[in-house]
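K.L.:
what shape does this take:
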Amino acid sequence: MQAQVSEKLQEYWRRNLNITAVLMLIWFVVTFVVSYFARELSFNFFGWPFSFYMAAQGSLVVYVAIIFFYARYMNNLDHEYGVDEEEDE
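P.N.:
Below you'll find the model as predicted:
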């Protein structure tokens, strides 16, 4: 019985680390890669230079989307593995 619980928690942790790694990679690309190549990204995006748009607005939208996705994914994962927190009403 203990081996099954431990195996289940290891799988839960592995899935948690995988999604965290993917989202951190997206964060890195949006934060550093796009800004590094900003001068090469010189085309208009809704009337603004794309590099300016990504620095001023686009990256913030991506950050909020990452947070929303991670919270929703982890909530579902917690529920799937039975480690979710009970809400007091």
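K.L.:
switch to C-alpha atoms for all contacts and neighbour counts from now on
P.N.:
Fine.
K.L.:
other residues contacting stretch 47-55?
P.N.:
Outside stretch 47-55, the residues that touch it by Cα atoms under 8 Å, 6 or more residues apart in numbering are 34-35, 38-39, 41-45.
K.L.:
which one of these is nearest Asn18?
P.N.:
The nearest member of these to Asn18, counting by Cα to Cα, is Val34 at 23.0 Å.
K.L.:
check which helix or strand covers the closest one.
P.N.:
Assigned by DSSP states H and E, Val34 belongs to helix 34-36.
K.L.:
could I get the average pLDDT for that helix?
P.N.:
Throughout helix 34-36, pLDDT has a mean value of 76.
K.L.:
same check, this time on stretch 44-63
P.N.:
Rounded mean pLDDT across stretch 44-63 is 77.
K.L.:
ok, stretch 7-15 next?
P.N.:
Here the average pLDDT along stretch 7-15 is 92.
K.L.:
buried set for that stretch?
P.N.:
Neighbour-count burial for stretch 7-15 flags Tyr12 (criterion: 16 or more other Cα atoms under 10 Å).
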